[in-house]
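Q: here is my input; please provide its structure:
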Amino acid sequence: MVGPTSLVYFIAAVASVPLVGLGGFVVYAMFRYCPVIVRIFMERPVLLPLRLPPDDSGEAVSFQAIDGLTLAGSYFKARTPSRAGVLVYSHEFLSDRWSFAPYLDGLRDLGFDVFSFDYRNHGESLSEPSYQPIQYATDREVGDLRGALAYLRSRPDHDPAGFGLFGVSRGGTTALLVGSIEADVWGVVTDGAFPTRGTITAYMIRWADIYVRRAWVLAVLPHFVYRLLGGVARRQAERELNCVFPDVERAVARLAPRPWFQIHGERDAYIGTDIADALFARAREPKQQWQVAGAKHNRCREAGPEVYARRLAAFFDRYAPRRVKLGASIHDAAESRYGEFAAASVRGGASPELVANVASTLTR
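A: Got it, this is the predicted structure:
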């Protein structure tokens, strides 16, 4: 006769069989599939970054990243007699600081100074021989952008109210990481930003059936297994690339009360809208999301330059620490140079006056 204790042991043994099987599969997958994940993770996609001729109308500067590496930048002053704020441009992977113009140059007519710089191993900045950047943001890009903000604080004309950050793709990811830890960032706009962990996990789920032929295994595999394998692969890539991939999801969760405007292409084949939505959901208010119809990765502005300029101007006008009172509307001013990249003098009459912006996170 089987006693109650024996029955409990039997049930426990039966129940443990799936757990043992799952554990065995995870161990097997670490050795079998993690090298594949690392290889794919470190591959550079075919990208066509925005490249423009140098613009010598700004003030050419050099400064140090957090680790002391010398970086190159350019400071462009507002075209208005008074300043509404300072915007910092964070360029995409394989681009350089001159790509700021189509995005931010028109905002100089609204009273914004713009600072743009080259990340390490890009443009005119020095290279770190032991570091090979890829499309994911690392501690190096974070150190470069933090060094840029430290430099701006040291300028005689620095703005005590802080900075607004604008970044494209990897530059947007870096802006989120830095914006979450620098107290004087008053707003962040990203175009095509993406998380490291979330992107790896989404890619693994999307392409798992290429490497795991048994469909029933994938059907019953818990979601956390993908995250676990992705984490192991990410740490291996950190060792091979001599860097650290910061947690973007955690940074986004800490971003508030700084406002975030997320721009993303609906036809982005690299970073699907599901990845963008999942990242956006982690942020707290204030936040805005705009998924641009028909736009591919890093091509949102090109899908509708005028609308893009209006939305960007409206966000910065709402959250900047000060506003410049202009005769023309902010929409007209923003659109006036969306296709022009050279600096020009201010058109119009009397000098505008500055007013406090009650919507800014710094004046609440």
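Q: could you pull up the residues touching the closest residue to Lys287 other than its chain neighbours?
A: Leaving aside its sequence neighbours, Lys287 sits nearest to Trp260 (Cβ to Cβ, 6 or more residues apart in numbering; 4.7 Å). (Each C-beta comes from the backbone N, C-alpha and C, glycine too.) Trp260 makes contact with 176, 179, 187-190, 252, 283, 286-288, according to Cβ atoms under 8 Å, 6 or more residues apart in numbering.
Q: go with 6 Å
A: Trp260 makes contact with 188, 283, 287, according to Cβ atoms under 6 Å, 6 or more residues apart in numbering.
Q: could you do Tyr308 as well?
A: Arg301.
Q: could we number from 13 for the rest of this?
A: Will do, 13 is the new start, and the previous item becomes Tyr320.
Q: doesn't it fall inside a helix?
A: Yes - per DSSP: H, G, I helix; E, B strand; the rest coil, Tyr320 lies within a helix segment.
Q: per-residue confidence for it?
A: For Tyr320, the pLDDT comes out at 97.
Q: Val264 now?
A: You'll see Val264 listed with a pLDDT of 98.
Q: and it, how many neighbours does it have?
A: 27 (other Cβ atoms under 10 Å).
Q: ok, it - contacts?
A: 188, 291, 294-295.
Q: and for Gln303?
A: Contacts of Gln303 (Cβ under 6 Å, 6+ apart): 276, 278, 285.
Q: identify the bridge partners of the residue nearest to Lys299.
A: Beta-bridge partners for Trp272, by DSSP bridges, are Val200, Lys299.
Q: if I look at it, how far off is Tyr331?
A: In this view, Trp272 and Tyr331 are 10 Å apart by Cβ to Cβ, to the nearest Å.
Q: so which residues of the stretch 263-376 of the chain form strands?
A: Using DSSP state E, counting those that start in this stretch, the strands of the stretch 263-376 of the chain run over residues 272-277, 299-304, 334-336, 366-368.
Q: distance between the first one and the chain's centre?
A: Put plainly, it is strand 272-277. Centre-to-centre, strand 272-277 and its host chain are 10 Å apart (Cα atoms, centre = their mean, to the nearest Å).
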